[in-house]
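Novice: Dropping the sequence and predicted coords here.
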Amino acid sequence: MSKSETADIIEKITARWPAGAVPRVKTFKVYEVDAEKKILVSDELTAVQVKDAIVPFLGKPDVLAKFPAVTVDMGAVKFVCNGAKVLRPGIVEFGQFKKGDIVVVKDQSHGKMLAVGVALEDSEAAKAMPKGYVVDNLHYISDKIWEAHKEI
């Protein structure tokens, strides 16, 4: 990947990720998973591009810890791990986030990071909702990206 392409990706990441979550990156290697999904790997950072969104890879808990999170009950885990959007009734705990922010989804029992997505609502508005979609799930454990990363 060229320096200008790397700079464009870093600019996109820096604009959307929390302060301090983006290390200094010299260059990325790009692994295409399918037409809409890519894994971006550097020595300092692994990220996932799904369509136009760039989110952190789930295998990097130190980076994920810098993002806001929602915690889901154990009944929601199998749905989240199959790619479903995160619904309000399944959420038992909210971090602070705005609509459009990148959000990590954790399980209630172990605090394990299950998925990364984009908030469809502000956290305060979502808390007040009796039902509805809260997080659009972009990358989850055992998805194509997760499996492709094992081959890298």
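Specialist: Right, received. Where do you want to start?
Novice: Let me see the contact set for Tyr140.
Specialist: Applying C-beta atoms under 8 Å, 6 or more residues apart in numbering to Tyr140 gives the contacts 58, 80-83, 105, 114-116, 146. Any C-beta I mention is one placed from the backbone N, CA and C, and that applies to glycine too.
Novice: let's go with 10 Å and repeat that
Specialist: Tyr140 sits next to 58, 79-84, 105, 113-117, 146 when contact means C-beta atoms under 10 Å, 6 or more residues apart in numbering.
Novice: Where in the protein is the helix or strand with the lowest mean pLDDT?
Specialist: Using mean pLDDT, DSSP states H and E, the weakest-scoring helix or strand in the chain turns out to be helix 3-16, at a mean of 90.
Novice: Check which element follows it along the chain.
Specialist: Of the helices and strands lying after helix 3-16 in sequence (DSSP states H and E), the nearest is strand 29-34.
Novice: Which strands and helices lie in contact with that following strand?
Specialist: Using 3 or more C-beta pairs under 10 Å, 6 or more residues apart in numbering; DSSP states H and E, the elements in contact with strand 29-34 are helix 3-16, strand 37-41, strand 46-50, helix 144-150.
Novice: And the least confident helix or strand of the chain, what's buried?
Specialist: Residues 6, 9-10, 13, 16 are the ones in helix 3-16 that count as buried (16 or more other C-beta atoms under 10 Å).
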